[in-house]
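Novice: Okay, sequence plus prediction incoming.
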Amino acid sequence: MEFMRLEGRPFRGKELERLKEFLTLNQLDYDEGIEYTICLLDENYRIAATGSAHDNVLKCIAVDQESRGFGLAATICSALVQYEFEKGRSHILLYTKPGNQEMFENLGFYGVLKTSEILFMENRKEGFDQFIHRLKEESPKEALESGSVIGCMVVNCNPFTNGHRYLVEQALLNCDYLHVLVLSDDRSFFHAEDRYQLVKKGVSDLSKVIVHRSSDFVISAATFPTYFIKEKAQAQKANCLLDLTLFARRIAPELKINRRFVGTEPNCAITGQYNEQMKEILPQYGIEVIEFERKQLKGTPVSASMVRAWYEKGDFHHIKEVVPETTLKYLEIKKGQRPKG
């Protein structure tokens, strides 16, 4: 049986509506963050199979019940992987229904986490294990021993501010060691590696703080896609169950983490929902969640968003009030200004 190929970046109009209807019939929701979709059409131009990509994540893969047995899932998956490779993305992730595990294992994917509702997979046999190994290698031996209070913060720091520094200091008062996971997703205003370096420099005098790059396994396009489309999704429920479950089941036990720290979030609904779900989910795994009030400047919480707004205006007079010297110098150089001192 021959199938025609339809693809787009992303679909629009009637094609998009047809795709959404097909996914609904197959108990899947269309993800608004999709950047590329491929469909296989039967002789009547009806969708027989589909799959999509978003960054290095494959999603919304479905095959019509009447079209199974023709290897369409393999065709879709192969085309999506080829698309990812052409984009220079070698580490490919996917999430699907648990019942599809054998099918995707046969297509070269390996399980990272499985719940009753979702299966999270990657194309590297030991990708997650290597991630955990790196985190341990970066940690002092004492921080990996049982019996201590080990804390964790997950931060974007776009860029690192005095508010972030304040939260780190407050967390240190409530734990023996603190792991700080800096998001590795590169869709923020400042590049991931720059943000990581700003955090490292900003806490370099705090010996009990361990700073890590988060890779694809903490608040990424795969584990928490809604986080990165905040502007389009303020009214949507935060899609963070996978992220929190992966952290609780597979990351926290390896690093002996038993406390997670967050700052209050008055401005962003998505982050606020994430924090609330964190308080519900993590205690079920023995991880206490402690929330701190954000540091304020003249009655307003210090935020990276205010720094970005001032940065775009070149307003370093206000910026220097809310960022450490290391961040200020970075911003001045990036803006083309000569750092003072």
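Specialist: Thanks, I have it.

Novice: going forward, measure contacts between C-alpha atoms and count neighbours the same way
Specialist: Fine.

Novice: backbone phi and psi for the nearest residue to residue 101 once chain neighbours are set aside, please?
Specialist: Once flanking residues are discounted, residue 101 sits nearest to residue 119: 7.2 Å by CA to CA, 6 or more residues apart in numbering. Here is the backbone geometry of residue 119 (degrees, to the nearest 10): phi -120, psi 120.

Novice: List the beta-bridge partners for residue 119.
Specialist: residue 96, residue 114 (DSSP bridges).

Novice: now swap in residue 50 and tell me
Specialist: Applying DSSP bridges, one finds that residue 50 bridges with residue 39, residue 62.

Novice: and it, how many neighbours does it have?
Specialist: By other CA atoms under 10 Å, 27 other residues sit near residue 50.

Novice: now swap in residue 153 and tell me
Specialist: With other CA under 10 Å as criterion, residue 153 counts 18.

Novice: Which strands border the helix or strand containing it, and is each parallel or antiparallel?
Specialist: In the assignment (DSSP states H and E), residue 153 maps to strand 150-155. The strands beside strand 150-155 in its sheet (DSSP bridges) come out as strand 177-182 (parallel), strand 259-263 (parallel).

Novice: Between strand 259-263 and the next helix or strand after the last one, find me the angle.
Specialist: Towards the C-terminus, the helix or strand next in line after strand 259-263, according to DSSP H and E, is helix 269-281. Computed by axes from the mean of the first three to the mean of the last three CA atoms, to 10 degrees, the angle separating helix 269-281 from strand 259-263 equals 150 degrees.

Novice: State the mean pLDDT of stretch 56-76.
Specialist: The pLDDT scores in stretch 56-76 average 89.

Novice: likewise stretch 319-328?
Specialist: Here the average pLDDT along stretch 319-328 is 96.

Novice: Counting neighbours, which bits of that stretch end up buried?
Specialist: 319, 320, 322, 323, 324, 325, 326, 327, 328 (16 or more other CA atoms under 10 Å).

Novice: Quick one: distance of it to the chain centre.
Specialist: Offset of stretch 319-328 from its chain centre (CA atoms, centre = their mean, to the nearest Å): 26 Å.

Novice: Report how far apart the opening and closing residues of that stretch are.
Specialist: 7 Å (CA to CA, to the nearest Å).

Novice: same thing with stretch 280-296?
Specialist: 27 Å.

Novice: again with stretch 277-296
Specialist: 25 Å.

Novice: where exactly do the helices run in the stretch 51-200 of the chain?
Specialist: With DSSP state H, counting those that start in this stretch as the criterion, the stretch 51-200 of the chain has helices at 72-86, 101-106, 127-137, 162-172, 192-202.

Novice: how many neighbours does residue 71 have?
Specialist: Neighbour number of residue 71 under other CA under 10 Å is 10.

Novice: Where does pLDDT dip in this structure?
Specialist: Scanning the chain for pLDDT under 70 picks out the ranges 221-222, 224-239, 267, 337-341.

Novice: All good on my end, thank you.
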